[in-house]
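1. Any chance you can model this:
(2 chains)
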There are 2 protein chains.
Amino acid sequence: MARSDRLHLGTFVYTFGFHPAAWLHPDSDVNGANDISHLAEVARISEAAKLDFMFFADSPAAAVGHPEALARQPTKMNRFEPITAITALSMVTQKLGFVATASTSYYEPYNIARLYASADHISKGRICWNVVTSDHDETGYNYNRQGLDPHADRYARGEEFLDVVFGLWDSWEDDALLLDRASGMYHDPGKLHQLDHAGDHFQVRGPLNIARTPQGRPVIAQAGGSERGRELAARTAEIVFSLASNIDKNAAFYKDVKGRMARYGRDPNDLKIMPGIVINTGETRAEAEARAQEMVDLMHPEVGLLMLQEFLETDLHGADLDAPFPMERMPRKAKGSVAMFQEVKEFVEQGHTLRELVTHYARQHTGNGLTGSYLEVADFMQEWFEAEAADGFILMCPTLPASLRDFTRLVVPELQRRGLFRTEYEADTLRGNLGLSWPVNRYAAARRAAE
Amino acid sequence: MARSDRLHLGTFVYTFGFHPAAWLHPDSDVNGANDISHLAEVARISEAAKLDFMFFADSPAAAVGHPEALARQPTKMNRFEPITAITALSMVTQKLGFVATASTSYYEPYNIARLYASADHISKGRICWNVVTSDHDETGYNYNRQGLDPHADRYARGEEFLDVVFGLWDSWEDDALLLDRASGMYHDPGKLHQLDHAGDHFQVRGPLNIARTPQGRPVIAQAGGSERGRELAARTAEIVFSLASNIDKNAAFYKDVKGRMARYGRDPNDLKIMPGIVINTGETRAEAEARAQEMVDLMHPEVGLLMLQEFLETDLHGADLDAPFPMERMPRKAKGSVAMFQEVKEFVEQGHTLRELVTHYARQHTGNGLTGSYLEVADFMQEWFEAEAADGFILMCPTLPASLRDFTRLVVPELQRRGLFRTEYEADTLRGNLGLSWPVNRYAAARRAAE
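-> Presented below is the predicted three-dimensional model:
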């Protein structure tokens, strides 16, 4: 199967936007964290522009840090639970897909299999599960643990978890439902299967108590920065949400992950690698820069320090902002994203001050990823797409819905003019719009093999 | 607070209706288990009639039994997961409440607290959690267990679970959100609280990462037939979904449960006791009887036996239908509902044959609870309500939406004529329409007490 000549686009959802000062922006909805009409508007704009999906990040814990700093950065303090949010939003859209994050460390596979299958039926095939193992100690404290389990343990559980969920999603074959009132047979008992999974972490009998979904099974997304994460993505993911660092690094990552797929019998086109990217844009570069500067001006200095602390899970309060980073407070290894940690560490090793690091980190994550005219943004996307550094992008809009409106009003039409983006949805399901294969049911495959 | 002079009504949801042959009824939607538009129609009818809520029963497992019998009774084989279903339905309604069942035995409290709080925000205050501990072995097999945990263990876990969820729902005080762009303070850090729960079953730090909900917290429903269940209901429930057996027994139950509330400092009006009742009705009694008979005629004999087996969790295949119940196959005690088990046992002890028991049980649970003209049904409801045997009823419609249409077209206007049922919603929230008190936040109460 040849690679598509079109790229894919998703809208990343932090309530008010990706910039920590987004809630202070006069165009944002200050009630957006609890009033679903805000996200419904984001969905409406995304669908009108024919974007592939909305992507809900998540962590099952409030952020930790100094209470006053947290009170200035509400995104991780007060937010909708993603599965309920996407289910609600699917009722006010027709074609847009929805990605909801949930952690294998703190759920039971039967519950996850049901929740996403049910949402996939409700949305008529537009749901994706972003599989994470969680990456902050504070999540563990909410689930009977003394912090985060070690990376290897989380991955071992996560891998088995995913296998169980895939198994449950195969409980009903594609044509198991008969719905035959004449014979009184609702389903074909020979096409409904018990899983009988017995592994290190889970014993799950099945079958799942909801029929095979409109997409066969929901689409699977992952982040996959670490070695083990890349391997799991190559085996199971259909969307990889990576970090946009630079075109060469991203092209190498792209090649590496797609190169691993053959050993699992998978076609490289069945995985879309979509870096997340923060974009400020406008008619001109000056306009884009003014938008970026507006956000920087809105941000309180406490908030930048909090972000860095939160990522490193270390206490930096009282440290001299104009001295080099206090290395005794640098954790020995990444608790969360390995790639992101590596980048911070390299920056520190170049001898920058703490203030410079805070600014650098905040910019990386608050709106200076890419600032340029709509033509420059389209050029960037085209270059990355053609260089096979990306199959598309996840838009980390600094503010919602304002930055998304800028992007869809200016960049999307330009990408369409260049033939790089659709002008109409190709399909009714997310799987269809992403051009992913139909997932083969294991029991049907076994029967065909035996015949 | 005086008792209200109006009763409350809810629509019980088994996909096609409560009768196991409901899916065979020509007016039902054969795709209803996976196409949400079927339940959206049930919601529309319920809301047009000003009913209080739709009530979703649940079990996190497919039913077990002989494969062919199961294929004739789809209700427990293929169904929406309730939390996603109610969230979706809240988007197409404005005033109707929604009750979703979830089990404390197979979830984590932080997840339940989030899911329901999020749904309560999305619906703008119309959500209720029906708390169950699960009552069938097959659920345990899906969650790493060798069947059901013992009743006492499930209750111990369930009681602590509920305390944790209540604690998490108090994380944010009523007025914790400031949303003050001028000062840059999103919330008041003094009004956001860490729970720090450390108990036998759960260690949960909190706070919950979603603000206090439009109802303060979601409404709580329970079944509560056993001694321990009654006590838990008196302490924590706001709706009790009981079994309608006879007016004297129900009045005794009503008095018993409400009588226990004082020791928890609760007003009896803060708990609505609503027996589930199967109703066939029509303009005349003959019409109602014809509807009931229609369902009986549609049912396959295998299905009745399956229902009884499923409840008793015993294998009855091969037993002589025309001999007395084979007592060696009778379980020594109830695995599920104690009240229901007691009723079956009494019937058996009267010397009835297995066939008679199957018919009796099937009728009890399939549509002969109450068969009468709309005037007779209204009389029945009035009598029970006035005798304090019920604060209202949960309508186990034999078919959906057909039986619900009969009820709302005929019985509701009659109840309204008698002043027994509302003609307009009193409030925008479920809590408001049920006339329940606002839940006092524990931290705000402690501060007031200290002042």
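2. Outline the domain layout of chain A.
-> Under the assignment automatic domain parsing, the domains of chain A span A:8-286+A:367-450, A:300-364.
3. Let me see the mean pLDDT of the shortest one.
-> Put plainly, it is domain A:300-364. Domain A:300-364 carries an average pLDDT of 82.
4. And for stretch A:444-451?
-> For stretch A:444-451, the per-residue pLDDT averages 92.
5. and what of stretch A:52-62?
-> Per-residue scores along stretch A:52-62 average to 96.
6. chain center to it: distance?
-> 7 Å (C-alpha atoms, centre = their mean, to the nearest Å).
7. Buried residues in that stretch, which are they?
-> Burial within stretch A:52-62, assessed by neighbour count using 16 or more other C-beta atoms under 10 Å in any protein chain shown, is assigned to A:Asp52, A:Phe53, A:Met54, A:Phe55, A:Phe56, A:Ala57, A:Asp58, A:Ser59, A:Pro60, A:Ala61, A:Ala62. For every residue, glycine as well, the C-beta is placed using N, CA and C.
8. Just the endpoints, please. Distance across that stretch?
-> 29 Å (C-alpha to C-alpha, to the nearest Å).
9. Likewise for stretch A:429-443?
-> 24 Å.
10. And that stretch, what's buried?
-> A:Thr429, A:Leu430, A:Arg431, A:Gly432, A:Asn433, A:Leu434, A:Gly435, A:Leu436, A:Pro439, A:Asn441, A:Tyr443.
11. outside of that stretch, which residues touch it?
-> With contacts defined as C-beta atoms under 8 Å, 6 or more residues apart in numbering or on different chains, stretch A:429-443 is touched by A:4, A:8, A:52-53, A:95, A:97-98, A:124-128, A:167, A:169-170, A:173-174, A:191, A:193, A:212, A:214-217, A:219, A:238-239, A:267, A:269-270, A:272, A:422, A:425-427.
12. for stretch A:278-294, same thing?
-> By C-beta under 8 Å, 6+ apart, the list of residues contacting stretch A:278-294 from outside reads A:18, A:25, A:295, A:364-374, A:376-377, A:395-398, A:403, A:406-407, A:410-411.
13. Filter those residues down to the buried ones.
-> The buried subset of these - by 16+ other C-beta under 10 Å - is A:18, A:25, A:295, A:364-374, A:376-377, A:395-398, A:403, A:406-407, A:410-411.
14. Output the below-cut-off pLDDT ranges for the stretch 351-451 of chain A.
-> A:363-368 (pLDDT under 70).
15. ok, of the buried residues of stretch A:52-62, which one's closest to chain B?
-> Minimum distance to chain B across the buried residues of stretch A:52-62 is 4.2 Å, recorded for A:Ala62 (C-beta to the nearest C-beta).
16. Surely the closest one touches A:Lys76?
-> Yes - with contact defined as C-beta atoms under 8 Å, A:Ala62 and A:Lys76 form a contacting pair (6.6 Å).
17. A:His197 and chain B: what is the separation?
-> Counting by C-beta to the nearest C-beta, to the nearest Å, the separation of A:His197 from chain B is 10 Å.
18. still on that earlier bit, so of the domains of chain A, which one's packed in deepest?
-> Of all the domains of chain A, domain A:8-286+A:367-450 carries the top mean neighbour count, a mean of 21, counting by mean count of other C-beta atoms under 10 Å in any protein chain shown.
19. Close to chain B: what parts of the stretch 151-300 of chain A are there?
-> A:172, A:177-179, A:181, A:184-190, A:192, A:202-211, A:300 (C-beta under 8 Å from any C-beta of the partner chain).
20. For the helix or strand A:Phe241 falls within, give me every contacting residue.
-> Per DSSP states H and E: A:Phe241 is located in strand A:239-243. With C-beta under 8 Å, 6+ apart as the test, strand A:239-243 has contacts from A:55, A:99, A:128, A:130, A:219-225, A:233, A:250, A:253, A:257, A:271-276, A:337, A:339-340, A:394, A:434.
21. so where's the stretch 1-150 of chain A shaky on pLDDT?
-> In the stretch 1-150 of chain A, residues with pLDDT under 70: A:1.
22. which non-adjacent residue is nearest the closest residue to chain B within the stretch 351-451 of chain A?
-> Using C-beta to the nearest C-beta, the single residue of the stretch 351-451 of chain A nearest to chain B is A:Thr399, 13.1 Å away. Of all residues not flanking A:Thr399 in the chain, A:Gly17 sits nearest, at 3.7 Å (C-beta to C-beta, 6 or more residues apart in numbering or on different chains).
23. Kindly report the same for A:Ala444.
-> Nearest one to A:Ala444, counting by C-beta to C-beta, 6+ apart, is A:Glu173 at 5.0 Å.
24. residue contacts, the one you found?
-> A:Lys191, A:Leu192, A:His193, A:Arg212, A:Asn441, A:Tyr443, A:Ala444.
25. Would you point out which residue of the stretch 251-400 of chain A is nearest chain B?
-> For the stretch 251-400 of chain A, C-beta to the nearest C-beta, closest residue to chain B: A:His300, 5.5 Å.
26. for that residue, phi and psi?
-> In terms of degrees, to the nearest 10, the main-chain angles of A:His300 are phi -80, psi 140.
27. ok, now A:Gly372?
-> phi -170, psi 170.
28. Does it have any beta-bridge partners, and if so which?
-> Taking DSSP bridges as the rule, A:Gly372 bridges to A:Thr281.
29. so who does it touch?
-> A:Asn280, A:Thr281, A:Arg285, A:Ala288, A:Phe380.
30. and if you look at A:Tyr106?
-> A:Pro60, A:Ser134, A:Thr139, A:Asn142, A:Tyr143, B:Glu108, B:Tyr110, B:Asn111.
31. which residues does the nearest residue to the second one once chain neighbours are set aside contact?
-> Of all residues beyond its chain neighbours, the one nearest A:Ser134 is A:Ser103 (4.3 Å), with distances taken as C-beta to C-beta, 6+ apart. Going by C-beta under 8 Å, 6+ apart, A:Ser103 touches A:Asp58, A:Ser59, A:Pro60, A:Val132, A:Thr133, A:Ser134, A:Thr139.
32. Please flag which of the buried residues of stretch A:52-62 sit within strands.
-> A:Phe53, A:Met54, A:Phe55, A:Phe56 (DSSP state E).
33. ok, the third one to A:Phe12 distance?
-> Right, A:Phe55. 5 Å (C-beta to C-beta, to the nearest Å).
34. Also A:Ala445?
-> A:Ala445 sits at a distance of 35 Å from A:Phe12 (criterion: C-beta to C-beta).
35. same thing with A:Leu430?
-> Where A:Phe12 is concerned, A:Leu430 sits at a distance of 16 Å (C-beta to C-beta).
36. repeat for A:Ser123
-> From A:Ser123 to A:Phe12 the distance is 19 Å (C-beta to C-beta).
37. A:Ala85 and B:Ile210: what is the separation?
-> 11 Å.
38. next one: A:Asp149
-> 24 Å.
39. cool, and A:Thr93?
-> Distance from A:Thr93 to B:Ile210, by C-beta to C-beta: 23 Å.
40. I figured A:His360 hits A:Gln350, correct?
-> No - assessed by C-beta under 8 Å, A:His360 is found out of contact with A:Gln350, at 10.1 Å.
41. Appreciated, that's everything.
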